[in-house]
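Engineer: Quick one, fold the following:
(one chain, ligands or ions: 1)
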Amino acid sequence: MSDCLFCKIAAGEIPADIVFEDEQVVVFRDIYPKADVHLLLIPRQHIASLNELEPAHDALIAHMMRLLPKLARDQGLDDGYRTIVNTGPSGGQEIFHLHLHLLGGGRLPGFG
Ligand code: AMP
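Structural biologist: Take a look at the predicted model:
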(Lines give C-alpha, C1' and ligand atoms only; values in the text may rest on other atoms or scores of the structure.)
Protein backbone atom coordinates (compact mmCIF):
# COMPACT_ATOMS: atom_id res chain seq x y z
CA MET A 1 0.00 0.00 0.00
CA SER A 2 1.61 3.25 -1.19
CA ASP A 3 0.94 5.45 1.86
CA CYS A 4 1.57 2.82 4.55
CA LEU A 5 4.48 3.65 6.88
CA PHE A 6 5.33 0.01 7.63
CA CYS A 7 5.18 -0.94 3.92
CA LYS A 8 7.74 1.82 3.34
CA ILE A 9 9.96 0.49 6.13
CA ALA A 10 9.67 -3.03 4.68
CA ALA A 11 10.64 -1.67 1.25
CA GLY A 12 13.62 0.24 2.69
CA GLU A 13 12.11 3.60 1.69
CA ILE A 14 12.02 4.85 5.30
CA PRO A 15 14.89 4.07 7.69
CA ALA A 16 14.35 1.82 10.69
CA ASP A 17 16.59 0.00 13.17
CA ILE A 18 16.13 -3.43 11.60
CA VAL A 19 17.20 -6.40 13.73
CA PHE A 20 15.99 -9.25 11.50
CA GLU A 21 14.51 -9.75 8.05
CA ASP A 22 13.75 -12.54 5.65
CA GLU A 23 11.61 -12.95 2.55
CA GLN A 24 8.37 -12.82 4.56
CA VAL A 25 8.91 -10.46 7.50
CA VAL A 26 10.88 -7.49 8.84
CA VAL A 27 11.65 -6.83 12.51
CA PHE A 28 12.73 -3.41 13.77
CA ARG A 29 12.95 -1.45 17.01
CA ASP A 30 9.92 0.62 18.00
CA ILE A 31 10.77 4.30 17.67
CA TYR A 32 9.08 5.03 21.05
CA PRO A 33 10.10 1.98 23.12
CA LYS A 34 7.82 1.02 26.03
CA ALA A 35 10.39 -1.38 27.51
CA ASP A 36 14.17 -1.97 27.41
CA VAL A 37 13.54 -4.14 24.35
CA HIS A 38 10.61 -3.21 22.12
CA LEU A 39 10.52 -4.79 18.68
CA LEU A 40 7.88 -4.70 15.97
CA LEU A 41 7.48 -7.77 13.77
CA ILE A 42 5.66 -7.09 10.50
CA PRO A 43 4.83 -9.10 7.39
CA ARG A 44 6.23 -7.62 4.18
CA GLN A 45 2.78 -8.12 2.68
CA HIS A 46 0.29 -5.38 3.56
CA ILE A 47 -2.34 -6.81 5.90
CA ALA A 48 -4.16 -4.06 7.79
CA SER A 49 -4.90 -5.95 11.01
CA LEU A 50 -5.85 -9.31 12.50
CA ASN A 51 -9.35 -8.66 11.12
CA GLU A 52 -8.09 -9.02 7.55
CA LEU A 53 -6.45 -12.43 8.04
CA GLU A 54 -7.53 -15.20 5.69
CA PRO A 55 -6.66 -18.90 5.43
CA ALA A 56 -4.03 -18.01 2.81
CA HIS A 57 -2.10 -16.20 5.56
CA ASP A 58 -1.89 -19.21 7.88
CA ALA A 59 1.69 -20.17 7.01
CA LEU A 60 2.84 -16.54 7.34
CA ILE A 61 1.23 -16.18 10.76
CA ALA A 62 2.74 -19.45 11.95
CA HIS A 63 6.14 -18.22 10.75
CA MET A 64 5.70 -14.96 12.69
CA MET A 65 4.63 -16.72 15.89
CA ARG A 66 7.49 -19.20 15.70
CA LEU A 67 9.97 -16.38 15.10
CA LEU A 68 9.10 -14.65 18.40
CA PRO A 69 11.07 -17.00 20.72
CA LYS A 70 14.14 -16.72 18.49
CA LEU A 71 13.92 -12.92 18.47
CA ALA A 72 13.49 -12.89 22.26
CA ARG A 73 16.50 -15.19 22.70
CA ASP A 74 18.60 -13.01 20.38
CA GLN A 75 17.69 -9.96 22.50
CA GLY A 76 18.73 -11.77 25.70
CA LEU A 77 15.17 -12.05 27.02
CA ASP A 78 15.84 -15.41 28.68
CA ASP A 79 13.43 -14.78 31.54
CA GLY A 80 10.32 -13.99 29.51
CA TYR A 81 8.76 -11.39 27.29
CA ARG A 82 5.39 -9.96 26.29
CA THR A 83 3.73 -9.99 22.87
CA ILE A 84 0.88 -7.63 22.00
CA VAL A 85 -1.24 -7.20 18.88
CA ASN A 86 -3.44 -4.09 18.99
CA THR A 87 -6.45 -4.31 16.69
CA GLY A 88 -8.68 -1.43 15.59
CA PRO A 89 -9.02 2.06 17.09
CA SER A 90 -10.55 0.81 20.34
CA GLY A 91 -7.76 -1.76 20.61
CA GLY A 92 -5.15 0.99 20.47
CA GLN A 93 -3.98 0.26 16.92
CA GLU A 94 -2.34 3.35 15.41
CA ILE A 95 -0.61 1.87 12.37
CA PHE A 96 -2.88 -0.17 10.13
CA HIS A 97 -0.31 -2.67 8.95
CA LEU A 98 -0.37 -5.83 11.06
CA HIS A 99 2.43 -5.91 13.64
CA LEU A 100 3.37 -7.91 16.69
CA HIS A 101 4.94 -6.00 19.56
CA LEU A 102 7.69 -7.92 21.39
CA LEU A 103 8.56 -6.32 24.74
CA GLY A 104 10.94 -7.30 27.49
CA GLY A 105 13.81 -6.44 29.77
CA GLY A 106 13.13 -6.17 33.48
CA ARG A 107 9.74 -6.88 34.95
CA LEU A 108 6.88 -5.51 32.88
CA PRO A 109 3.84 -4.09 34.68
CA GLY A 110 0.82 -6.35 34.99
CA PHE A 111 -2.56 -5.67 33.47
CA GLY A 112 -4.42 -5.43 36.78
P1 AMP B 1 0.14 0.29 17.44
O2 AMP B 1 -0.33 1.33 18.41
O3 AMP B 1 -0.08 -1.12 17.93
O4 AMP B 1 -0.41 0.52 16.06
O5 AMP B 1 1.71 0.42 17.39
C6 AMP B 1 2.38 1.24 16.48
C7 AMP B 1 3.78 1.37 16.99
O8 AMP B 1 4.58 1.86 15.93
C9 AMP B 1 3.92 2.33 18.16
O10 AMP B 1 4.47 1.65 19.29
C11 AMP B 1 4.89 3.40 17.62
O12 AMP B 1 5.81 3.84 18.60
C13 AMP B 1 5.59 2.66 16.50
N14 AMP B 1 6.11 3.49 15.42
C15 AMP B 1 5.51 4.53 14.79
N16 AMP B 1 6.29 5.02 13.81
C17 AMP B 1 7.43 4.27 13.82
C18 AMP B 1 8.63 4.27 13.05
N19 AMP B 1 8.84 5.16 12.06
N20 AMP B 1 9.59 3.36 13.34
C21 AMP B 1 9.41 2.47 14.34
N22 AMP B 1 8.29 2.40 15.09
C23 AMP B 1 7.32 3.29 14.85
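
Engineer: What score does V85 have for pLDDT?
Structural biologist: The model reports V85 with a pLDDT of 98.

Engineer: That one contacts L50, doesn't it?
Structural biologist: Yes - if you go by Cβ atoms under 8 Å, V85 and L50 touch, sitting 6.1 Å apart. No exception for glycine: its C-beta is placed from N, CA and C like everyone else's.

Engineer: shared neighbours, the two?
Structural biologist: L98 (Cβ atoms under 8 Å, 6 or more residues apart in numbering).

Engineer: Grab the nearest non-local neighbour of R82.
Structural biologist: Distances taken as Cβ to Cβ, 6 or more residues apart in numbering place L103 nearest to R82, at 4.6 Å, with adjacent residues excluded.

Engineer: Give me the helices and strands touching the lengthiest strand in the chain, please.
Structural biologist: Longest strand of the chain, by residue count under DSSP state E: strand 37-43. Judged by 3 or more Cβ pairs under 8 Å, 6 or more residues apart in numbering; DSSP states H and E, the packing partners of strand 37-43 are helix 5-10, strand 25-29, helix 58-74, strand 100-104.

Engineer: what do you get if the cut-off is 7 Å, keeping everything else the same?
Structural biologist: With contacts defined as 3 or more Cβ pairs under 7 Å, 6 or more residues apart in numbering; DSSP states H and E, the packing partners of strand 37-43 are strand 25-29, helix 58-74, strand 100-104.
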